[in-house]
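Visitor: Model the structure of this input:
(chains A, B, C and D)
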Protein chains: 2
Amino acid sequence: MARLTPDIIVSAAIEVMGDVGFEQFSVRKLGDALDADPTAIYRHFRSKDELLRAMGDRSLAGVADDLPTSSWRECVRELCIRIRTANLTHPALASLVRGAPPRHHNELQITETILRQLRDAGCDAELAAHAYHAVIELTIGSAAIDATMASMPPSDRDATYCEWRSDYANLDSTVFPRSVELASSLYPGTADRRFEFALDRLLDGLAAALARSSSTPGLTGRPTGYRQ
Amino acid sequence: MARLTPDIIVSAAIEVMGDVGFEQFSVRKLGDALDADPTAIYRHFRSKDELLRAMGDRSLAGVADDLPTSSWRECVRELCIRIRTANLTHPALASLVRGAPPRHHNELQITETILRQLRDAGCDAELAAHAYHAVIELTIGSAAIDATMASMPPSDRDATYCEWRSDYANLDSTVFPRSVELASSLYPGTADRRFEFALDRLLDGLAAALARSSSTPGLTGRPTGYRQ
DNA sequence: GATATTTGTCAACACTGTTGACATCTCAGT
DNA sequence: ACTGAGATGTCAACAGTGTTGACAAATATC
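Guide: Next up, the predicted model:
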């Protein structure tokens, strides 16, 4: 009779998920890995979904530690990149792309960090909330999209990208001229770099909005004096 | 013996999916709706995955028609909003958030449209490709995140948002001061508006990058002369 | 040490996607 | 119009899934 705890289960679950992949991950396989009856897991988690959420939060451990303090941009940027990395190393989190808000500790820590940075930078409540949602949606969404690719070995991945490019190149160039023309430029660099580009442009836009709102309060948002 | 075609199957599948939701959608239920044996579907689609992709593409029909011609920004913006709407009305597409590139007709049309707009606006190949990936990742990702919420009736949805806000408000304010402070501002307006804000800020950033690259070619990207 | 609660085990239910064998239908070639 | 061939619908079955309820063993509480 093996003694189980949520922590032990989550650790084993993450390992199993790493071995067999998200699609093949099942409660029964987890039971085997734990040398316990699969249904014992239901004494610690109400459902597989709840377990997945816990796995997701676990993989975010430490993601908000020791962030750069130079500027809100650098801090938020680094945090988003770390969230993405965590998501991609542990594809469990891909399943976190289900409309639920952060409830677990690490998730809450992320929210708190971003909101604090934005507020301290001078965002009013409305802009801070909007900006928070914006960076999170891009980060989580991008990670979800890239998760399947990230879970394959680098060689396969490059081969797949290559294949996709040649698919585009072989399209009918009278119907899809730009796609054909730009085929070799698509899926440029690594997925990480593409994400960083998108994130940087979004942060550019947010910084501009912040600058606008603090110079002409009331136009883009409410005044920045926010002492309560 | 009912006569099936891919079109008929996809139509019925979208209806069934609308009724029972993504999670509960199954080949057997689709068979019932078609008054045919469930396995007959496998004569027209290699797998359930392939069917889901086809459903996704179907729901994107017409999404690239009659777009505004005033500017590349307006065009791309409107297109992204339509993609999102299509995604949310037919949550089938939420499943499209699997690392595969566009292959179906409507998907290709979207890629072509965005690339054309960016190229015509003066983006070089590299910037166009990056910008394309950026807006698509935000759009698809955001839709995937909001899909579950969008699939519930508006009253439930508002109730859920309200509940989330009060969850934040009830956090320990010594540990999560900003989250508590901003609780009432979180999940502001509709999810659509939040997306539009994020998209607009990203487009701001992309427009700035484009302006930079055309004034000082070679810094952000290659020169803009791209006749072949 | 007896009692109550938690936790692991087992069998089972109601599903799922998918396959192979068989039957039936549609249609081209004569 | 007949025939053979290929496409398509049907059926039974496989291997797997998440989850539940009844029972037993372990642990904690008094």
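Visitor: Going by C-alpha atoms from here, please, whenever you check contacts or count neighbours.
Guide: Noted.
Visitor: What is the least confident helix or strand in chain A?
Guide: In chain A, no helix or strand scores lower on mean pLDDT, DSSP states H and E than helix A:154-169, which sits at a mean of 83.
Visitor: residues in contact with the next helix-or-strand element following that helix?
Guide: Using DSSP states H and E, the helix or strand that directly follows helix A:154-169 along the chain is helix A:177-181. Helix A:177-181 has contacts (CA atoms under 8 Å, 6 or more residues apart in numbering or on different chains) with A:168-173, B:111-112, B:115-116.
Visitor: Just confirm A:Leu182 contacts B:Tyr132, I think it does.
Guide: No: assessed by CA atoms under 8 Å, A:Leu182 is found out of contact with B:Tyr132, at 11.0 Å.
Visitor: center of chain A, which residue is that?
Guide: When CA atoms, centre = their mean is applied to chain A, the residue found nearest the centroid is A:Ile140 (3.2 Å).
Visitor: I'd say that one and B:Thr139 touch.
Guide: No: A:Ile140 is beyond contact range of B:Thr139, at 11.6 Å (criterion: CA under 8 Å).
Visitor: DNA strand D versus A:Ala134, what's the distance?
Guide: The spacing between A:Ala134 and DNA strand D, counted by CA to the nearest atom of the strand, to the nearest Å, is 31 Å.
Visitor: ah, wrong one, I meant A:Ala198
Guide: 34 Å.
Visitor: Show me how far the host helix or strand of A:Phe22 is from its chain's centre.
Guide: Element membership of A:Phe22 [criterion: DSSP H and E] is helix A:6-24. Chain-centre distance of helix A:6-24: 19 Å, with CA atoms, centre = their mean, to the nearest Å.
Visitor: how about the residue nearest to the centre of chain A, what does it touch?
Guide: By CA under 8 Å, 6+ apart, A:Ile140 lies in contact with A:83-84, A:87, A:97, B:141.
Visitor: which one of these sits closest to DNA strand D?
Guide: A:Val97 (16.9 Å; CA to the nearest atom of the strand).
Visitor: Greatest separation within the contacts of A:Ile140: which pair is it?
Guide: A:Ile83 and B:Gly141 (14.6 Å; CA to CA).
Visitor: higher neighbour count, the two?
Guide: B:Gly141 (26 against 23; other CA atoms under 10 Å in any protein chain shown).
Visitor: Distance check, that one against A:Arg193.
Guide: For B:Gly141, the distance to A:Arg193 equals 17 Å [CA to CA, to the nearest Å].
Visitor: related to what we said a few turns ago, sort the contacts of A:Ile140 by pLDDT and name the bottom one.
Guide: Note: of those, the lowest pLDDT belongs to A:Val97, at 61.
Visitor: elements contacting the least confident helix or strand of chain A?
Guide: helix A:177-181 (3 or more CA pairs under 8 Å, 6 or more residues apart in numbering or on different chains; DSSP states H and E).
Visitor: pLDDT (mean, whole number) over the helix it packs on?
Guide: Across helix A:177-181, the average pLDDT comes to 93.
Visitor: Could I get the buried residue list for it?
Guide: For helix A:177-181, the neighbour count (16 or more other CA atoms under 10 Å in any protein chain shown) marks A:177-181 as buried.
Visitor: ditto for stretch A:178-197
Guide: Neighbour counts over stretch A:178-197 (16+ other CA under 10 Å) mark A:178-188, A:191-192, A:194-197 as buried.
Visitor: Around DNA strand C, which positions in chain A sit nearby?
Guide: Neighbours of DNA strand C within chain A, by CA under 7 Å from any atom of the strand: A:1-5, A:35-41, A:43-44.
Visitor: and the helix or strand containing A:Leu52, anywhere near DNA strand D?
Guide: Using DSSP H and E, A:Leu52 sits in helix A:48-59. Yes: with CA under 7 Å from any atom of the strand as the criterion, DNA strand D is reached by helix A:48-59 at A:48-49.
Visitor: same for that helix, what does it pack against?
Guide: By 3+ CA pairs under 8 Å, 6+ apart, helix A:48-59 packs against helix A:6-24, helix A:72-89, helix A:105-120.
Visitor: what's the longest one in contact with?
Guide: When contacts are taken as CA under 8 Å, 6+ apart, the neighbours of helix A:6-24 outside the stretch itself are A:25, A:29-30, A:33-34, A:41, A:44-45, A:51, A:54-55, A:58, A:90-92, A:151.
Visitor: now the angle between helix A:72-89 and it, please.
Guide: 70 degrees (axes from the mean of the first three to the mean of the last three CA atoms, to 10 degrees).
Visitor: hang on, isn't A:Ser185 packed against B:Ala131?
Guide: No: counting by CA under 8 Å, A:Ser185 stays clear of B:Ala131, with 11.4 Å between them.
Visitor: which residues touch the residue of chain A found nearest chain B?
Guide: Closest approach between chain A and chain B, counting by CA to the nearest CA: A:Gly141, at 3.4 Å. If a contact means CA under 8 Å, 6+ apart, then A:Gly141 has A:97, B:137-138, B:140-142, B:144-145 as its contacts.
Visitor: how about those residues in TSV, adding secondary structure and distance to DNA strand D?
Guide: Output for the contacts of A:Gly141, formatted as TSV (DSSP: H, G, I helix; E, B strand; the rest coil; distance: CA to the nearest atom of the strand, whole Å):
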residue	secondary structure	distance to DNA strand D
A:Val97	coil	17
B:Glu137	helix	28
B:Leu138	helix	29
B:Ile140	helix	26
B:Gly141	helix	24
B:Ser142	helix	25
B:Ala144	helix	21
B:Ile145	helix	20
